[in-house]
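Engineer: Got a predicted model here, sequence first, then my questions.
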Amino acid sequence: MSGLAVFLANLLRGLWARPPVLVVLALNLLPVLGVMWWGWSALALLLLYWAENVVVGVVNVLKMAVVAVRGGPLGVIEGLFTIPFFVIHYGLFCLGHLVFATLLGGGLTQNQDPFVAALGVWEQRAQYGWSFAGLAAIHLAGFVGWLRAGDWRDTQLRSQMAEPYGRIIVMHLTVLLGAALVAWLGWPPAGVALLGVLKTIYEVAAANRRMDRAEKARTAAPGVT
């Protein structure tokens, strides 16, 4: 219980003392509110989160490229093999995630063919675009912060390649928990709310960790008191 209390205390510290973390909280909760009160479908939220994972993969390719170039000629050669491997492997992971999200969101929460439901979400993409743009901006800002903090100097290419998988596994587990809650309660918004809340907690904790690393880097920099 003490560990949970410390974790929640760190989250609250991030909310009130760190405005960027508050932005992360708001942008992650807005899609949940969209499902609960604005008529968004559960499938729309699952596909939105899937698209966000694609952005995470693209950002990771950029990070891998920076790390490869830092390594000089040998690093570039390693990157020429490692980056395409990541693109194929992560791409297949995302493809499976897309099919799973479509079947789950369309099959369990819609009385229609799930792929027809997914096409309906795509046709209404304009109303979800601003939410996707906000979530994508978080990850792009994280990439800029990663560059400014100099994290690329101490990062190995293979460890960078593995970075996104922890996040996407958490997403899959929360989707499964949400599906179980849907089956138990028979109320899809409950499962969606669980997914959104767990994801929000994960993202806020990750934002806190990024800011902690940035603060330590500034403190350790020469001339900083």
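Structural biologist: Looks like it arrived, so ask away. Here the structure is a predicted model, which is why all the values come from computation and not from measurement.

Engineer: how close does Val21 sit to Asn28?
Structural biologist: 11 Å (C-beta to C-beta, to the nearest Å). No exception for glycine: its C-beta is placed from N, CA and C like everyone else's.

Engineer: Give me the common contacts of those two.
Structural biologist: Both Val21 and Asn28 are contacted by Val204, under the criterion C-beta atoms under 8 Å, 6 or more residues apart in numbering.

Engineer: Dihedrals phi and psi, Thr155?
Structural biologist: phi -100, psi 130 (degrees, to the nearest 10).

Engineer: give me the number of residues near the residue nearest to it when sequence neighbours are not counted?
Structural biologist: Of all residues not flanking Thr155 in the chain, Val67 sits nearest, at 5.2 Å (C-beta to C-beta, 6 or more residues apart in numbering). Val67 has 25 neighbours, counted by other C-beta atoms under 10 Å.

Engineer: Ok, the one 10 residues further on next?
Structural biologist: Look at Ile77: counted by other C-beta under 10 Å, it has 12 neighbours.

Engineer: helix or strand right after the helix or strand encompassing Val61?
Structural biologist: Here Val61 sits within helix 42-70, counting by DSSP states H and E. Per DSSP H and E, the first helix or strand lying C-terminal to helix 42-70 is helix 72-109.

Engineer: tell me what that following helix is packed against?
Structural biologist: Here helix 72-109 touches helix 42-70, helix 114-123, helix 157-185, going by 3 or more C-beta pairs under 8 Å, 6 or more residues apart in numbering; DSSP states H and E.
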